[in-house]
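Peer 1: give me the fold of what follows.
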Amino acid sequence: MTAPHGINPNIPHSARVYDYWLGGKDNFEADRQVAEQVIAAVPGVRESARNNRAFLGRAVRHLTRLGVRQFLDLGTGIPSQGNTHEVAQAEAPDARVVYVDNDPIVMTHARALLTSTPEGRTAYIEADVRDPQLVLDHPEVRETLDFTRPVALMMVAILMHISDDDDPAGLVKAYAQSLPGGSYLVLSHLTLDLVAEEMAERYLSATRHQALRRTPRSAEQIARYFEGFDLVEPGLVGVSEWHDAPLFPDSATWMYAGVGRKR
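Peer 2: Numbering: from 1, shown residues only. Modelled structure (predicted):
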């Protein structure tokens, strides 16, 4: 992989580390070194990332089969296999998807890789998800999505990158207020609830690097994000337990996942 202009390949980057864990090729040696250090210290972290990606696919497929045709995907990350639009449009070619990210690295890959079926539409905007009004008022968002019809708000592994100072619960509420009844929230989030205390400590120690910094939260904290939504069965569960068989059923569970329907 050749570094795009303005990107330093010697500085590890969160999106590229995650891409490596997913088995992608859009990463550099510095990213791989950091990623492997965490894998060595924290068994199951790579499998958890892949279980999380599989959850995204299962959730999108489930909602598409329920009739949802619009998706607002926040904090897209580097495009990989099983992107939201690929899954949705495989089920419903007329599905419409808007991706949002503020990372120039992600933007470079998105422009090259995120395409659409002729019947549907795929759009990408460069914006900070912490500014919901900017995102929701963006002309590309308004042109692509019809907010009088249900929209699936995708917040998969994004709120763990939002600090408490930036009020993640308020952020979810701001986006949710723009959605009509019958819309959905698809969410997954890092947690330390489901692993032994010793492993949790090892994780915190191994992820001190800025490229890996996240905020783990408890089930109680994460459940608050679904205020105004009714959780779809099986509720808020380990990411590998949401519908169908997990890819890696025996690996440690580092993520909660859930889907809620707006009342």
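Peer 1: against Ala92, how distant is Leu231?
Peer 2: Per Cβ to Cβ, to the nearest Å, Leu231 is found 24 Å from Ala92. (C-beta placed from N, C-alpha, C; glycine too.)
Peer 1: meant to ask about Pro168, not that
Peer 2: 30 Å.
Peer 1: the more surrounded of those two?
Peer 2: Taking other Cβ atoms under 10 Å, Pro168 and Ala92 do not tie; Pro168 has more neighbours (24 against 17).
Peer 1: just the pLDDT for the more buried one.
Peer 2: Listed pLDDT for Pro168 reads 97.
Peer 1: for it, give me its contacts.
Peer 2: Counting by Cβ atoms under 8 Å, 6 or more residues apart in numbering, Pro168 makes contact with 159, 162, 225.
Peer 1: so which of those residues are in helices?
Peer 2: If you go by DSSP state H, the contacts of Pro168 have nothing in helices.
Peer 1: name the nearest of these relative to Ala200.
Peer 2: Leu159 (18.7 Å; Cβ to Cβ).
Peer 1: wait, what's in contact with that closest one?
Peer 2: 168, 171-172, 187, 189, 217, 225.
Peer 1: any low-confidence regions in this structure?
Peer 2: By pLDDT under 70, the low-scoring segments of the chain are 1-7, 79-80, 107-114, 210-211, 245-251.
Peer 1: mind checking how far stretch 256-263 is from the chain centre?
Peer 2: 14 Å (Cα atoms, centre = their mean, to the nearest Å).
Peer 1: which residues are in contact with it?
Peer 2: Under Cβ under 8 Å, 6+ apart, the answer for stretch 256-263 is 52, 55, 59, 62-63, 176, 179-189, 191, 193-194, 219, 222-223, 226, 228-232, 235-239, 241-242.
Peer 1: buried residues in it?
Peer 2: Of the residues in stretch 256-263, 256-262 count as buried by neighbour count, 16 or more other Cβ atoms under 10 Å.
Peer 1: turn the contacts of Pro168 into CSV, columns for distance to Ala41.
Peer 2: Putting those into CSV (distance: Cβ to Cβ, whole Å) gives the following:
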residue, distance to Ala41
Leu159, 24
Ile162, 25
Tyr225, 29
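Peer 1: now the helices for the stretch 151-263 of the chain?
Peer 2: With DSSP state H, counting those that start in this stretch as the criterion, the stretch 151-263 of the chain has helices at 168-176, 197-206, 219-223.
Peer 1: could I get those helices as JSON lines with distance to Asn8?
Peer 2: JSON lines is the format used below for those (distance: least, Cβ to Cβ, whole Å):
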{"stretch": "helix 168-176", "distance to Asn8": "29"}
{"stretch": "helix 197-206", "distance to Asn8": "23"}
{"stretch": "helix 219-223", "distance to Asn8": "34"}
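Peer 1: tell me which of those lies nearest to Leu22.
Peer 2: Judging the helices of the stretch 151-263 of the chain by Cβ to Cβ, what sits closest to Leu22 is helix 197-206, at 18.3 Å.
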